[in-house]
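Student: Mind folding the following:
(2 chains)
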Amino acid sequence: VTETFDAVIVGAGISGALIAKQLGLKGKKVLVLEAGPENPPNINAFLQRFYISLAKVPEIPYPPETFTPPGGSTLTNPGTWNAGRPTSLTLDADNWQDPSEAYLIQKGPLAFASTYDRVGGGTTRHWLGTSLRFVPNDFTMRTTYGREIDWPFGYDTLEPWYGKAEWEIGVSADTADQAYLGITFEPKYSYPMPAIPLSMVDNAVSTGINGLSVDNISLSVTSTPQARNSQPYQSRRVCAGNTNCIPICPIQAKYDASVTLNDALETGNVQVRYQTVANDIVVDGNGRVTQVNYITYAQENGPPTGTGSVAAKVFVLAAHAIETPKLLLMSKNGGRTPNGVANSSGQVGKNLMDHPLFLAWALMPSNVYPYRGPLSTSGIENLRDGAFRSERAAYRIEIGNEGWNFPINDPYTTTLDFINGSNASQLNPGSQALFGSNLVGALNGVFTRQFRLGFLVEQTADASNTVGLSSITDHLGLPRPLITYNISDYTLKGLLSAQQTATTIFNQLGAKQFTTPATPGDPSAVPLPGGGLIKYFGSGHVVGTYRMGTDKTQSVTDPNQRSWDHPNLFLTGSGVFPTIATANPTLTIAALSLMAANTILTTDLR
Amino acid sequence: MSDMDLFVGLSSALTGIAQEQLAPTVDPLNVKQAYFDQAKTDPAFAQMLQIYAANQSKPPDQIADIILNQSGNAVRYLGRAVMLEWYTGSWYPPASLQTSSPNPNNVVSADAYTTGWMWNVAQAHPMGYSNLHFGYWSSPPPSLNDYTGGGAS
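Tutor: Numbers count the residues shown, from 1 in each chain, chains lettered A, B, ... in the order given. Below you'll find the model as predicted:
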């Protein structure tokens, strides 16, 4: 007998957790299937793995083991994982297309440079916590600028859901700071906690760019809304500035979805099954989803331990923008859905997006004391919208508090330079090998002045950027994601503008720039029309691939995130975004997920 | 004087950090032992300690110069590896330091990571390990001397 629930949700990340909690609070019986393992009793196990790892990349604290043996330097073959995931350690020229190291099967021409996690809490385990709302024109790109496509609704529709999401996850900000570029708030609205104080880096940039304009737009520094506590909230502590939001906040002052998952469990109506990999969505002759089939395992690289299926009135796929389309495409129903479930439009897996990130770094003329505070506490948001969007991609500028850690893995690289007489950092041009007080003084003199800017460029939704099924499989025999990825001219123009703006800002600040050019052969570098390359990084913002819309021939879900093809199937998460805009996507994922939960409760499970 | 005393004295001269800061009298973490044990695996270790023992009455910078610049490559690169242990918490094998792109072999221990001196000379704290309080990042940190104990001793 197949078990039956009111709702089955695939994926225990922020979207699935929020929906499970809302349904559970209303007494609905919910089962969440999570491909990854259960969280340890406390985060110390994750933290210890971070401390002893040489490569402190975003995914390193979390299972599966990135290296075999653990702590070694040999990357685990993703074909041995039951629930694999990408790692930023496989973006080098010599391994990005090597399936024995890289989980994603990348066909290029460029590398998709972002990663995600399959674990309780999902990728919010290592998110930064930036909780920006979209600006109103992000929803009307076609109407306003003749570019891209409009969302099926505007900012006004999402506004109340943004507010609910901010209270659900706990965002620290001040509405007066955030009311820019047309962003509005409901009457009497306030964020649940006061803003996080600006860092000394932020204040130096803010003072230094006073009066500076780019594209006739005056620039200013704005405090970032952050899902980290400025007051005790939800039984979690106040941020202590561990400067480690990515990969792991040691004190859980930063929200992650395991918080909501625990709330969901406390309703008594929600169950989570870990190490349970959904592998088939079963549809009946009337187009209704009847069950989800799954495979279980006990060890991350061990044999499968069983199979099963669960039935429900409503199904929600919330497995993020790569695993969700993969699951849809895998589900053929004996040929009745030959192109996969929910795919009559042919749009499943298309329009994969990220924020290609242009990274620029410099030394301030005076001490700003980085490596202190949350990783980022402010940004320059003025260039998120403007008339230029008819010609080039917009971007936001994130100001980093972690010195040159992101750009060159400092303080390691510069320390090695000054001890071993090298110049990888460019800060030791004489390649001096120092010791004693000279060493202390040299390191102090540069570390206290380092800062970086990250430009998150809006990527166009391109049908040719896709998630498909590879014939190369994981340890359960399931296809691994097949990725094609490129950067459009419009997006490239945004990257080039970012590069120019970085120089403009550094000059205005009197800061000396050290940004290095892209290395030939780097798969995350775009060839420029006039020769040369521009390097981009992944922002970890995996978006697109099952977009919502008002035309069922051009979109996968309706404006309620309900599959056009299957009336009891919801697809949630950043995959539904028709466009990526410039805001970090998680707050919008949360707002949309709360909207979807409301739809489910007021229609399907009324 | 024990080998550990020699190791700590030598480490202070090389790193520019006061002995009392490297190895406090009350030292529950005792990372010096982990660094000592790791460095002792190198064949030049005994020689390096002997050189220090014979020169320990000299000024710290002179001692460091003798170790790093006047005692041959085996002692020089082991000396640098010891400095890197204290600064980064990671073990860079001396052989790797003689290549064009040196790589660490391992993090010596979790405590080694969270006590690395590169963070202190930045007047900061290890990423992911802080005993500071909300909002500290808005104000300047304590002075460099407060972190380093005033230099080698």
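
Student: For residue A:77, give me its contacts.
Tutor: Going by Cβ atoms under 8 Å, 6 or more residues apart in numbering or on different chains, residue A:77 touches A:68, A:100-101. For glycine as for every other residue, the C-beta is placed from the backbone atoms N, C-alpha and C.

Student: Next, format these as TSV and append secondary structure and distance to residue A:323.
Tutor: Below are those laid out as TSV (DSSP: H, G, I helix; E, B strand; the rest coil; distance: Cβ to Cβ, whole Å):
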residue	secondary structure	distance to residue A:323
A:68	coil	23
A:100	coil	21
A:101	coil	20
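
Student: Any of these buried? List them.
Tutor: The neighbour-count test (16 or more other Cβ atoms under 10 Å in any protein chain shown) applied to these identifies residue A:101 as buried.

Student: From the contacts of residue A:77, which one has the minimum pLDDT?
Tutor: Taking these together, the minimum pLDDT is found at residue A:68 (92).

Student: My read is that that one contacts residue A:76, right?
Tutor: Yes - the pair residue A:68 and residue A:76 passes the contact test of Cβ atoms under 8 Å, sitting 4.4 Å apart.

Student: ok, the contacts of residue A:77 vs chain B, which is closest?
Tutor: Nearest to chain B out of these is residue A:68 (Cβ to the nearest Cβ; 15.3 Å).

Student: if I pick that closest one, what's in contact with it?
Tutor: By Cβ under 8 Å, 6+ apart, the contact list for residue A:68 reads A:74-77, A:80.

Student: at 10 Å instead, please
Tutor: By Cβ atoms under 10 Å, 6 or more residues apart in numbering or on different chains, the contact set of residue A:68 is A:74-77, A:80, A:301.

Student: Where does residue 50 sit, in terms of helix or strand?
Tutor: Just going to use chain A. Element membership for residue A:50, per DSSP states H and E: helix A:44-52.

Student: look at chain B instead
Tutor: Short version, using DSSP H and E: residue B:50 is in helix B:45-55.

Student: Okay, buried residues for that helix please.
Tutor: Using 16+ other Cβ under 10 Å as the test for burial, helix B:45-55 gives B:45, B:48-49, B:51-52, B:55.

Student: Check stretch A:111-129 too.
Tutor: Using 16+ other Cβ under 10 Å as the test for burial, stretch A:111-129 gives A:111-129.

Student: Span of that stretch from start to end?
Tutor: Taking Cα to Cα, to the nearest Å, the first and last residues of stretch A:111-129 lie 25 Å apart.

Student: wait, does that stretch make contact with chain B?
Tutor: No - judged by Cβ under 10 Å from any Cβ of the partner chain, stretch A:111-129 makes no contact with chain B; its nearest approach is 11.8 Å.

Student: mean confidence score for that stretch?
Tutor: On average, the pLDDT along stretch A:111-129 is 97.

Student: Check stretch A:337-353 too.
Tutor: Mean pLDDT, computed over stretch A:337-353, is 98.

Student: list the buried ones in that stretch?
Tutor: Buried positions in stretch A:337-353, judged by neighbour count with 16+ other Cβ under 10 Å: A:337, A:340-345, A:347-353.

Student: Let's check: the centremost residue of chain B is which one?
Tutor: residue B:86 (2.8 Å; Cα atoms, centre = their mean).

Student: I'd assumed residue B:19 was in contact with that residue.
Tutor: No - between residue B:86 and residue B:19 there is no contact under Cβ atoms under 10 Å: 11.6 Å.

Student: hey, what's in contact with both of the two?
Tutor: By the contact definition Cβ under 10 Å, 6+ apart, residue B:86 and residue B:19 are jointly contacted by B:11-12.

Student: Whichever residue of chain A sits closest to chain B - how many residues pack around it?
Tutor: Distance from chain B to each residue of chain A (Cβ to the nearest Cβ) is smallest for residue A:373, at 2.8 Å. Using other Cβ atoms under 10 Å in any protein chain shown, residue A:373 has 30 other residues around it.

Student: If I look at it, what pLDDT would I see?
Tutor: Among the per-residue scores, residue A:373 holds a pLDDT of 98.

Student: so which of the buried residues of stretch A:337-353 would you say is closest to residue A:553?
Tutor: residue A:345 (5.5 Å; Cβ to Cβ).

Student: dump the residue contacts of that closest one.
Tutor: Residue A:345 is in contact with A:339, A:546-547, A:549, A:551-557, A:564-565, counting by Cβ under 10 Å, 6+ apart.

Student: is it true that residue A:524 touches residue A:538?
Tutor: Yes - Residue A:524 is in contact with residue A:538 according to Cβ under 10 Å; the separation is 7.5 Å.

Student: what do these two both touch?
Tutor: In terms of Cβ under 10 Å, 6+ apart, residue A:524 and residue A:538 are both contacted by the residues A:88, A:91, A:111-113, A:356-357.

Student: Check these and tell me the two furthest apart.
Tutor: A:88 and A:356 (14.2 Å).

Student: between those two, which one's more packed in?
Tutor: residue A:356 (31 against 19).

Student: could you pull out the helices for the chain?
Tutor: Defaulting to chain A. Taking DSSP state H as the criterion, chain A carries its helices at A:14-25, A:44-52, A:141-145, A:155-169, A:175-178, A:200-208, A:258-266, A:320-330, A:405-408, A:412-420, A:436-447, A:489-509, A:586-599.

Student: think we crossed wires, I meant chain B
Tutor: Under DSSP H, chain B gives helices at B:3-15, B:19-22, B:31-40, B:45-55, B:60-69, B:72-88, B:94-97, B:110-114, B:117-121, B:144-148.

Student: winner for burial among these?
Tutor: Ranked by average neighbour count under the criterion mean count of other Cβ atoms under 10 Å in any protein chain shown, these are headed by helix B:117-121 at a mean of 25.

Student: Let me know how buried the residue of chain B found nearest chain A is, in neighbour terms.
Tutor: Residue nearest to chain A within chain B (Cβ to the nearest Cβ): residue B:137, separated by 2.8 Å. Counted with other Cβ under 10 Å, the neighbours of residue B:137 add up to 27.
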